[in-house]
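Student: Can you look at this prediction? I've put the sequence above it.
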Amino acid sequence: MTGETRARTGANATIDDGATVGYSHDPDAPPARLGDDATVRAGTIVYADVEVGDGFTTGHNALVREDTRIGDDVLVGTDAVIDGTTTIGSHVSLQTGVYLPTNTTVGSQVFVGPRAVLTNDPHPVRREADLAGPTLDDGVSVGANATLLPGISVGAGSFVAAGAVVTRDVPPETLALGVPARHEPLPDSLSGENAI
């Protein structure tokens, strides 16, 4: 570790003392880039080779690793981890303690509730396997403490209930609930767009 940081920030960026933007993990990595109106709270680390749009906000102690691209108006909550090589759209809310592994794709207008965990390794430390993170299409909501297994796709507008364990793809506009998650038509009370 060199302690070096490399970053470019847009207008009106607020970076708390104790936050790190542009943590240098590789001397050849490009600087981290944050758009206008970023707020990065104490304890957060944003690696070099991360690109973020305008209106980025973190809670405390969030981690955003390298090779990650994030759109506009994205919240990364306290203790949330984005473990690198991940793409996130705009108007996304990742609540406290969310975990996104490498090779995850998140669309726009997506909400992920507290302590939801996405995974990317089908056989952790037992067998070699390609790491494939989940894909959350536009307008998806994921409830608190839900778990999504590697390579799962959650279709546009779907809703994953709190505590669900999602073991197979979820079609668009579907409610996934239970362990393992079963699929039901999205009820009227959960229809409509996310307002993020």
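Tutor: Received the coordinates, thanks.
Student: Run through this protein and note the low-pLDDT ranges.
Tutor: Counting by pLDDT under 70, the chain shows low-confidence ranges at 1-3.
Student: let's see 90
Tutor: 1-6, 124-129, 191-193, 195-196 (pLDDT under 90).
Student: so how far is stretch 50-68 from its chain's centroid?
Tutor: 9 Å (CA atoms, centre = their mean, to the nearest Å).
Student: okay but Ala7 is in contact with Gly35, surely?
Tutor: No - shown here, Ala7 and Gly35 do not form a contact pair, counting by CB atoms under 8 Å, at 12.0 Å. Any C-beta I mention is one placed from the backbone N, CA and C, and that applies to glycine too.
Student: dump the residue contacts of Ala129.
Tutor: Shown in contact with Ala129 (CB atoms under 8 Å, 6 or more residues apart in numbering): Asp121, Pro122, His123.
Student: and Ala19, how far is that from Val165?
Tutor: Distance of Ala19 to Val165, given as CB to CB, to the nearest Å: 34 Å.
Student: Ok, Val125 next?
Tutor: Applying CB to CB, the value for Val125 to Val165 is 20 Å.
Student: between those two, who's got more neighbours?
Tutor: The neighbour count for Val125 versus Val165, taken as other CB atoms under 10 Å, is higher for Val165 (16 against 5).
Student: What residues are bridge-paired with that one?
Tutor: Taking DSSP bridges, one finds Thr147 as the beta-bridge partners of Val165.
Student: Looks like it contacts Ala146 (just checking).
Tutor: Yes - if you go by CB under 8 Å, Val165 and Ala146 touch, sitting 7.4 Å apart.
Student: ok so, going back, switch the contacts of Ala129 over to a markdown table; also include neighbour count, secondary structure and distance to Ala176.
Tutor: A markdown table is the format used below for the contacts of Ala129 (neighbours: other CB atoms under 10 Å; DSSP: H, G, I helix; E, B strand; the rest coil; distance: CB to CB, whole Å):
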| residue | neighbour count | secondary structure | distance to Ala176 |
| --- | --- | --- | --- |
| Asp121 | 18 | coil | 21 |
| Pro122 | 14 | coil | 19 |
| His123 | 9 | coil | 23 |
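Student: Please identify which of those is nearest to Thr174.
Tutor: Pro122 (22.8 Å; CB to CB).
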